[in-house]
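**Student:** I would like the atomic coordinates for the input below:
(chains A and B)
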Amino acid sequence: MDAWLRPTSLADALAALAAAPRVILAGGTDLYPSHVTTPLPGPILDISALPGLRRIETHADHWRIPCLATWSDIAGADLPPVFDGLRAAARQVGGVQVQNAGTVIGNLCNASPAADGVPNLLALEATIELASRAGTRHLPLEDFVLGNRRTARRPDELAVALRIPRPPGPARGVFEKLGARRYLVISITMVAAVAEYDAAGAVRRARIAVGACGPRAVRLPGLEAALEGRRPEPALVTTAHLAPLTPIDDVRASAGYRLVATAELLRRALAALGTPSARAA
Amino acid sequence: MSVIGFVLNGRPVVATTSPARRLAAVLRDEFGLTGTKIGCDAGDCGACTVLLDGAPVCACLTALGQVEGRAVATVEGLAEPGTGGLAPLQRAFLRHGAAQCGICTPGMLMAAAALLARTPHPDEAAIADALGGVLCRCTGYRAIIAAVADAAATLPDEPPSGAAVGARVARRDGVEKVTGRERFGADALPAGPFLTVRAIRSPHSHARFTIGDLAPLFAAHPALARVLTAADVPGSLHYGIYATGKDQPVLAEGRVRHRGEPVCALVGPAEALAAIAEAELPITWEILPPVGFDGASAAEPLHAHAPENILCRGRVRAGEPDAAPPAGAVRAAIAIETSFVEHAYIEPEAGYARRVGDRIEIVACTQTPYMDRDAIAAILGITPEQVRIVPTAVGGGFGGKLDLSIQPLIAIAAWLTGRPVRMVYSRPESMGSTTKRHPARIRAEAVAGADGRLFSVRFHGDFNTGAYASWGPTVASRVPVHATGPYAAPNVLCTSAAIHTTDPPAGAFRGFGVPQAAIAHEALMDMLADRLGLDPLEFRLRNALRPGSRTPTGQVLGAGAALAACLEALRPRWRAWRDEAEVFNAARRDPERRGVGIGCMWYGIGNTSLSNPSAMAIGLARTGRVVLFSGAVDIGQGSNTVLAQIAADALGAPLAMIDLVTGDTDRTLDAGKTSASRQTFVSGNAALRAARALRAEILRRANAGPAARIAFLPGALQVSDAGRTTTLALGALPADADGMVLRGEGEFDPPTTPLDQDGQGIPYASFAFAAQIAEVAVDTALGTVTVRRIAAAHEVGRAINPTLVEGQIHGGIAQGLGLALMEEYVPGRTENLHDYLIPTIGDVPPIEVMLIEQADPLGPFGAKGVGEPALVATAPAILNAIAAATGARITRVPATPERVLAAIRAAKDRGRA
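**Tutor:** Take a look at the predicted model:
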């Protein structure tokens, strides 16, 4: 078996995965760093030459982010304010070098608990399209990222694209990331939130997700429910809303601090969503 | 193996190798383009930044197979043909001093080039965003920002004869650094084929081990040439800095005392070594209980010579430290803790060795070629004269390259196999095995009288010196001398202990324990000022050491003890910034609080009460050019430039006439180590004396007086004195082995005396003084701290090259900021540059540098050192600013958001109680 395949059609890529499991390489920004002192695992399927899987598509009822779209592509795309959180994350994942190479879907497939993409895409209610020779299936992101470095992708599948539904009315996203330095920083904790507004500026629906506070990013349904029908404001956040979080102590912070900081980031996210400019979006 | 075609710097090329290889390795190994540097192989440092179809990417994260058909641009292609070899951006880097060691420079240049192609006149925020992915450990980034913002700059003018000292000339080795031509440790390759060494290191902090039968390993890997163990070391197994501290084994002998300690070393072709899994090594471990900083004295000693695991102690006692304080006196006490700090130079240790007959030659990055020479001689069991050390450029040192790293293993392997042997540390290996800054646990108290004058200071610092002695004795002796801070205190007891643990060896790191001590004494000064109701700056000024002051070691300071001038220079900023912070805090209801803090420091230049001579030679070639033979290693701080500037003016030659031969132990005299802020002061004096000796010889031959002017012409000198001109033709003069027809040599050893049991004596010939102020913004809901601006007043005697001096201060401040806010090395947990955080371009605020030039009577042209002084005052200033902003006194650094928030909450609770 070839140690390296770089197919130029999706059919060839899926055929290769159907034949045998392979390590999938897109931007390389997670694969290479995890093999600094050990040889790369193999065999490798380099998907970077697959055609038509780079450009972000706008459709009537959804957007499609294909598997070769990079963080820089997100940052530079003409996307509405519901993507403001994801766009903010796109500018904070690594440095420009990593943003130019790393893909959004690669960030999901790597499934780091601290992946900046996951909470934002949870808040965007993204579904992921998994293709294989056996067919295509769509999974909500919650059902795709299962835990620390674990996803629902079968070895014969390729994560081809994300589908993000278009909200029916005005909506805005925010992203609050806490790190101990300005650039190149892994989040201590992070909050992503999307609010859809009614004509009066109250929240019609909200999705709020937290990353780096458990084996995978999770949504906070209690807080989401508390926002419905109200104008977003910091005072809505209560300790009970944090119940889904299971942070740990590590070199970056203790679990206790993570909870305290997350509550503060949530308050800030709601404050940002409650500003007049946000509601007008 | 594939054939991959792409366009490299405008030319089509083909690489025939594995498409999975990192582009960075291919550029370097297949195309010889070593301007692309490898600092981490993980996308954390950005040193390998290249442009792929015009967009910056990390070449270490880019699979070669992915560049097929695309355009790759590296630093070697930056200058357009016909521009004299330098692009405008490269000239701007030289003018602004944006390259120090130069290891990050190619990455910075490429990231900046991509920005400027898109945005010709970027603002600071855009520059920071574009360069935020490249780490620099030397410059503090401010000069880089200035260079990118001024990308149309021209090179600074060359000064005329006699005006080199004080001129902002571009660094002498700068063109190499901005073009990628500079040769660092991993860039220097032996001619022809070579073997590689791979160390096998302990995963345990404390264990016994046995190495079983190696035959199956050799059978499975026929290309494996040798496996070195402790038994293979030809000479002395142990090495160390001090004659009494040679306790560190080249390869562990049955017992490891820290994680990362090498237990054996594989020698063979690089590909063969890479194919060997650690699990194939027949090593059996018996894990022993680790010896931590807590409880080390109760644990079984790690070394027979260190009972209670105490390596050594230091002590300074003056006056009556136990005397009862006067009426109305106030007292302050504090206990602080600091963490391991990693040097985090962007260049991991690298180099090669080759055996030449009965000699060994080592080409590697180092801060101390002569100490390396003597240590390698002992390890190989040969004479020092049989060892030649040829330092490469050093991609950052900061003390970390004062200890041996790769040298013993490559030397032994080359000696035994007779073949050239190379070793390049990976980033985790560099961080996991080399020395660190000592963690400190300090208790200190100070008493001041109602008159606002210090009455007494008591200080004790325990320093975690790790598994082996390294520079632990230096820290233990230097700290008590400096522990009062730069203030006159009549009654003093300052003590220290260096304590062995099973942590990595703590060694030399910019300041040798003084930065840790300064956190304590500067907190005390603020607390005393507060209790006396005095302004913190004015309180320091009242107590500042001045010319004529007696230090706690009994030394009477001479001219140049100018802390007072530093404080006076800062006073207007101090008052204005404090007023602005007060207005800001009064007007705002959000969680941001601002505060301004001050830190002062003093620092003895050179070794503590130990001889540390430097010798320099300068010669005149038949061509009329001058050659400075300098054994001083320029690790980015600029000694190559500063020493040439001193020599030029002392000789009376234009700087442009001076060529440099540096650091080769076969060709240069022993200038000592690049350490202790000593090269400008000590080697500067040696260069001055050498140049004066050469000048005297020229004048003698011309029968001219001391005021004569010398014109350096091709093949001749014209000496003019009192209207009489004598021409000395050089062509006929006999040349020495170096090709020199005239020669001068000079030596300088700073005059010091030993310290007695109470630490009384003259530890240093010269002290540097500085004061810095910092303004911070503290997010009191999250605990995050942003440093908004810093002003730094440094008394440098004479700034030989103000651009380089400012560069040292900027870089020291960045490291001090890291020490204060984010840097914490945890063995086994932070052995990379994403878990171990150093400041990025967005973390270092604008810095205003004020240079105070009060000539030091002993300094060359009055100059003294600045390398370490730059760092010492910063962390105290930041921590005092946090206290000013929030009322919370941070006693454990780094002041991570979590610790700051906890301190704020504790302060609030105290306020309520």
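
**Student:** Show me the domain layout of chain B.
**Tutor:** B:2-77, B:88-179, B:195-289+B:347-395+B:401-433, B:440-607+B:757-912, B:614-748 (automatic domain parsing).

**Student:** For chain A, find the nearest of these.
**Tutor:** domain B:88-179 (1.7 Å; C-beta to the nearest C-beta). Where C-beta positions appear, they are placed from N, C-alpha and C, glycine not excepted.

**Student:** any idea how far that closest one is from the chain center?
**Tutor:** 20 Å (C-alpha atoms, centre = their mean, to the nearest Å).

**Student:** And the residue of the stretch 101-250 of chain A closest to chain B?
**Tutor:** residue A:182 (2.9 Å).

**Student:** and that residue, which of the three is it?
**Tutor:** coil (DSSP: H, G, I helix; E, B strand; the rest coil).

**Student:** wait, what's in contact with it?
**Tutor:** B:128, B:132, B:840-843 (C-beta atoms under 8 Å, 6 or more residues apart in numbering or on different chains).

**Student:** quick one: it from residue B:342, how far?
**Tutor:** Counting by C-beta to C-beta, to the nearest Å, the gap from residue A:182 to residue B:342 is 19 Å.

**Student:** Can you name the residues of the stretch 151-281 of chain A that neighbour chain B?
**Tutor:** Residues of the stretch 151-281 of chain A lying close to chain B by C-beta under 8 Å from any C-beta of the partner chain are A:178, A:180-186, A:188, A:251-254, A:257, A:260-261, A:264-265.

**Student:** So among those residues, which ones count as buried?
**Tutor:** Taking 16 or more other C-beta atoms under 10 Å in any protein chain shown as the criterion, what is buried in those is A:178, A:180-186, A:188, A:252-253, A:257, A:260-261, A:264-265.

**Student:** what about the helices in the stretch 651-800 of chain B?
**Tutor:** B:684-702 (DSSP state H, counting those that start in this stretch).

**Student:** quick one: pLDDT of the residue of the stretch 101-250 of chain A closest to chain B?
**Tutor:** Predicted confidence (pLDDT) for residue A:182: 96.

**Student:** Which residues are in contact with the closest residue to it other than its chain neighbours?
**Tutor:** Spatial nearest neighbour of residue A:182, chain neighbours left out: residue B:842 (2.9 Å); criterion: C-beta to C-beta, 6 or more residues apart in numbering or on different chains. Taking C-beta under 8 Å, 6+ apart, we find residue B:842 in contact with A:181-183, B:128, B:132.

**Student:** one more time with 7 Å
**Tutor:** By C-beta atoms under 7 Å, 6 or more residues apart in numbering or on different chains, the residues touching residue B:842 are A:182-183, B:128, B:132.

**Student:** now residue A:27
**Tutor:** Neighbouring residues of residue A:27 by C-beta under 7 Å, 6+ apart: A:70, A:101-103, A:106.

**Student:** Close to chain B as well: tell me which of these qualify.
**Tutor:** residue A:101 (C-beta under 7 Å from any C-beta of the partner chain).

**Student:** ok, back up a step: with distance to residue A:21 and mean pLDDT added, can I get the domains of chain B in CSV?
**Tutor:** What follows is the domains of chain B, written out as CSV (distance: least, C-beta to C-beta, whole Å; pLDDT from 0 to 100):
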stretch, distance to residue A:21, mean pLDDT
domain B:2-77, 17, 98
domain B:88-179, 32, 96
domain B:195-289+B:347-395+B:401-433, 21, 97
domain B:440-607+B:757-912, 28, 97
domain B:614-748, 47, 96
